[in-house]
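Trainee: how does the following fold in three dimensions:
(chains A and B)
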Number of protein chains: 2
Amino acid sequence: MLFFTQCFGAVLDLIHLRFQHYKAKRVFSAAGQLVCVVNPTHSLKYAPTRCAAAQTSVEQGVLPPCHHHEAVHDPQLVPCTCPLFSCPWEGHLEVVVSHLRQTHRINILQGAEIVFLATDMHLPAPTDWIIMHSCLGHQFLLVLRKQEKYEGHPQFFATMMLIGTPTQADNFTYRLELNRNQRRLKWEATPRSVLECVDSVISDGDCLVLNTSLAQLFSDNGSLAIGIAISTSKVHNAEAEM
Amino acid sequence: MLFFTQCFGAVLDLIHLRFQHYKAKRVFSAAGQLVCVVNPTHSLKYAPTRCAAAQTSVEQGVLPPCHHHEAVHDPQLVPCTCPLFSCPWEGHLEVVVSHLRQTHRINILQGAEIVFLATDMHLPAPTDWIIMHSCLGHQFLLVLRKQEKYEGHPQFFATMMLIGTPTQADNFTYRLELNRNQRRLKWEATPRSVLECVDSVISDGDCLVLNTSLAQLFSDNGSLAIGIAISTSKVHNAEAEM
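Mentor: Residues are numbered from 1 along each chain as shown, chains lettered A, B, ... in the order given. Sure thing, here's the model as predicted:
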């Protein structure tokens, strides 16, 4: 009986996945773009000050201390590299990718341009939608977060981070694009390093910010499609181009 | 004595204007773009429901009633076409441009691409920065508004409206672009008609929305430069292009 119940569950999951993928294809009819359906992760715990100390240290070029207890830390260990709200994990930069894949089951996608389809946008804040993106010899992390900076007014924050150092991150430009209902919104910036901590990027508001009404305008049946492109940055040209 | 005081004031104004223009040129070094310095208009009175009735009527294709008293209105008179917060003016669509020029001293600029330089972004909400833009045989209105939708949290809302009917507006696409500090934010949409009322566009959030931190990132010394471009719309192509 248990076997049949599980089989039925798996078939339902497959049907749901196929439906989500069909929705994504309908939104992005351009050939050759990889569409990835990203399900939300609801965070029960919220620790906004988790990375405050780390942030300061990274800016000064020092490995962040960021410990909340008296234990002596290995200076090679990098805390705060797991961008998930409630994860207390610390580890070397080199093993962040495997931590995210194994512990949080975050998918990794290949390709210069992908489409990130975040489902269930109606879920209450705080909620994260996360994917890893392998491109130009590096791994990037796209984080879409629904958060209430002002109580009762959830907003969506989207940013791309390099799983690497801030110096490496300076070599890239990422673009996030929303396109629906004859409206288009594009955000282009240099990715931040995961060492700089996603919480502080979002609290600084230095990312793509959407209020609920704008998110609804760009959503299709509760799913938000974000086109992602990464390129090597043409430093100092951006300002003059406009 | 009064004559000398006035002369001195005029000279100071000229120096200030020259300085603002220099700032704008520094931000937008691309040749051939017209930079227009736009000073703020602080609104003492705020009437958010002024156009609620008008909005519904426009959607239904009826001329909006929008009168708050018992007077009988000329059905040819269009209320709410003055986008300024506190202006109770009503008039024919054809005379909106002259009303805005004469009563509110709003400048009108020519050219397909212009740069709108809003000064004194620090001023408290509600504040408007407005300019008219003559392009492709029509007049458009760019409204940048600082408003507190959530008390204590001012946001900036930017939209472009056609001084014409909603059917005429459907033929155009406008683009607003911010570009500074290796960050770029682009908003593209179909302009709304001034008959639809700027207040409702902003309360719906169907425009470029900036929170204070993002506005500061894009500002230079308290001034925000917005690149504006208008084109005839390629209907139904936008969705597939991404």
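
Trainee: CA atoms for contacts and neighbours, from now on please.
Mentor: OK.

Trainee: now residue A:169: how far from chain B?
Mentor: Residue A:169 sits 13 Å away from chain B, going by Cα to the nearest Cα, to the nearest Å.

Trainee: top strand in chain A by residue count?
Mentor: Assignment by DSSP state E gives strand A:138-150 as the longest strand of chain A.

Trainee: what comes into contact with that one?
Mentor: When contacts are defined by Cα atoms under 8 Å, 6 or more residues apart in numbering or on different chains, strand A:138-150 is touched by residues A:97, A:124-134, A:154-164, A:198, A:203, B:150.

Trainee: make it 7 Å
Mentor: The contact list for strand A:138-150 (Cα atoms under 7 Å, 6 or more residues apart in numbering or on different chains) reads A:125-134, A:154-163.

Trainee: near chain B, from those residues?
Mentor: If you filter the contacts of strand A:138-150 for contact with chain B, counting by Cα under 7 Å from any Cα of the partner chain, you are left with nothing.

Trainee: inside strands: which ones of these?
Mentor: For those, secondary structure assignment (DSSP E) places A:127-134, A:154-162 in strands.

Trainee: filter these to the buried ones?
Mentor: Neighbour counting over the ones in strands among the contacts of strand A:138-150 (16 or more other Cα atoms under 10 Å in any protein chain shown) leaves A:127-134, A:154-162 as the buried ones.

Trainee: tell me where chain A is predicted with low confidence.
Mentor: Low-confidence regions of chain A, defined by pLDDT under 70, span residues A:1-33, A:42-86, A:234-242.

Trainee: and the helices in it?
Mentor: Assigned by DSSP state H, chain A shows helices spanning A:2-27, A:52-59, A:96-102, A:166-169, A:198-204, A:212-218, A:238-241.

Trainee: identify the residues contacting residue A:41.
Mentor: For residue A:41, the contacting residues are A:127, A:128, A:129, taking Cα under 7 Å, 6+ apart as the criterion.

Trainee: from chain B, how far out is the second one?
Mentor: Using Cα to the nearest Cα, we find residue A:128 at a distance of 21 Å from chain B.

Trainee: kindly report the same for residue A:194.
Mentor: When Cα to the nearest Cα is the yardstick, residue A:194 and chain B sit 18 Å from each other.

Trainee: okay, now that residue: neighbour count?
Mentor: Neighbour count of residue A:194, defined by other Cα atoms under 10 Å in any protein chain shown: 24.

Trainee: hmm, it is touching residue A:166, no?
Mentor: No. Between residue A:194 and residue A:166 there is no contact, the gap being 8.2 Å when judged by Cα atoms under 7 Å.

Trainee: and the gap between the closest residue in space to residue A:207 that isn't next to it in sequence and chain B?
Mentor: Ranked by Cα to Cα, 6 or more residues apart in numbering or on different chains and with sequence neighbours excluded, the top spatial neighbour of residue A:207 is residue A:159, at 5.4 Å. Going from residue A:159 to chain B by Cα to the nearest Cα gives 12 Å.

Trainee: for residue A:157, same thing?
Mentor: Residue A:157 sits at a distance of 12 Å from chain B (criterion: Cα to the nearest Cα).

Trainee: surely that residue touches residue A:203?
Mentor: No. With contact defined as Cα under 7 Å, residue A:157 does not count as touching residue A:203 (9.4 Å).

Trainee: how close does residue A:132 sit to chain B?
Mentor: If you measure residue A:132 against chain B using Cα to the nearest Cα, the figure is 21 Å.

Trainee: quickly list what that residue is bridged to.
Mentor: Taking DSSP bridges, one finds residue A:108, residue A:141 as the beta-bridge partners of residue A:132.

Trainee: from memory it sits against residue A:107, does it?
Mentor: Yes. Using Cα under 7 Å, residue A:132 and residue A:107 qualify as a contacting pair, with a distance of 6.0 Å.

Trainee: now do the contacts for the closest residue to residue A:223 other than its chain neighbours.
Mentor: Using Cα to Cα, 6+ apart and skipping residues adjacent in sequence, the residue nearest residue A:223 is residue A:119, 4.3 Å away. Under the criterion of Cα under 7 Å, 6+ apart, the neighbours of residue A:119 are A:38, A:39, A:40, A:222, A:223, A:224.

Trainee: pull the number of nearby residues for the last one.
Mentor: Other residues near residue A:224 number 26, with proximity taken as other Cα under 10 Å.

Trainee: beta-bridge partners for the closest residue to it other than its chain neighbours, please?
Mentor: Using Cα to Cα, 6+ apart and skipping the chain neighbours, the partner closest in space to residue A:224 is residue A:118 (5.1 Å). Legend: beta-bridge partners of residue A:118 under DSSP bridges are residue A:38, residue A:224.

Trainee: check contacts around residue A:118.
Mentor: A:37, A:38, A:39, A:129, A:223, A:224, A:225.

Trainee: make a markdown table from those residues and add distance to residue A:188 to it.
Mentor: Shown next, in a markdown table, are the contacts of residue A:118 (distance: Cα to Cα, whole Å):
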| residue | distance to residue A:188 |
| --- | --- |
| A:37 | 22 |
| A:38 | 21 |
| A:39 | 24 |
| A:129 | 19 |
| A:223 | 22 |
| A:224 | 18 |
| A:225 | 16 |
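
Trainee: gap between the two ends of stretch A:162-176?
Mentor: Taking Cα to Cα, to the nearest Å, the span from the opening residue of stretch A:162-176 to its closing residue is 15 Å.

Trainee: same deal with stretch A:154-173?
Mentor: End-to-end distance for stretch A:154-173: 27 Å, by Cα to Cα.

Trainee: next, the buried residues of stretch A:227-234.
Mentor: Buried residues in stretch A:227-234, counting neighbours by 16+ other Cα under 10 Å, are found at A:227, A:228, A:229, A:230, A:233.

Trainee: and the gap between the closest residue to the fourth one other than its chain neighbours and residue A:225?
Mentor: Setting aside the residues directly before and after it, residue A:230 is nearest to residue A:174 in space (Cα to Cα, 6+ apart), at 4.4 Å. Taking Cα to Cα as the criterion, residue A:174 is separated from residue A:225 by 16 Å.

Trainee: what do you get for residue A:104?
Mentor: Applying Cα to Cα, one obtains 22 Å for the distance of residue A:104 from residue A:225.

Trainee: residue contacts, residue A:124?
Mentor: By Cα under 7 Å, 6+ apart, the contact list for residue A:124 is empty.

Trainee: swap in 8 Å and give it another go.
Mentor: Neighbouring residues of residue A:124 by Cα under 8 Å, 6+ apart: residue A:146.

Trainee: does residue A:229 touch residue A:175 like I think?
Mentor: Yes. Here residue A:229 reaches residue A:175: they are 5.2 Å apart, a contact under Cα atoms under 8 Å.
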